[in-house]
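>>> just a sequence and a predicted model for now, questions to come.
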Amino acid sequence: MIVSPCISICKTDPVTGYCYGCGRSNNDKQMWKDEKTTDDWKKNNLLEIRTRLKGWQLDSFDESYNHKIKSGVSLFKKRNMK
C-alpha cells in the first residue's frame, strides 16, 4: 500500500490549482481515492507532485510525508493533537 501524500495542510493555490501542502490537483486527489487507481499511477504521481514543490515547501512536505509513512500521522496532525 502506498501512503497518500496528504499532509493535512489542505489549501489550494488559486493560481496553480495545486495544494500548498502536498502539491496535488483536485483531480490527483480524486484519483488517490479511487480504488481502481494502480500503485504505478500513485508512484508516478508522487514523483510528479514533488516537481511542483520548491525550496522550503518541498523540504516541509518531505519531512512530514516521511513522518506519516513511519508513524501513520503527518507532523501537522501530530502537533495539533498536543
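Looks like it arrived, so ask away.
>>> my read: Cys22 touches Ile9, true?
Yes: using Cβ atoms under 8 Å, Cys22 makes contact with Ile9 at a distance of 7.5 Å. To be clear about C-beta, it is placed using only N, CA and C from the backbone, and glycine gets the same treatment.
>>> of those two, which one has the most company?
Cys22 (25 against 17; other Cβ atoms under 10 Å).
>>> now the more buried one. Nearest residue, chain neighbours left out?
Excluding the flanking residues, the one nearest Cys22 by Cβ to Cβ, 6 or more residues apart in numbering is Pro5, at 4.4 Å.
>>> how about the one you found, phi and psi?
phi -80, psi 0 (degrees, to the nearest 10).
>>> count of neighbours near it?
With other Cβ under 10 Å as criterion, Pro5 counts 23.
>>> start at 57 instead
Understood, numbering begins at 57; the last thing we discussed is Pro61.
>>> hmm, it is touching Tyr121, no?
Yes: Pro61 lies in contact with Tyr121 (Cβ under 8 Å); the separation is 5.9 Å.
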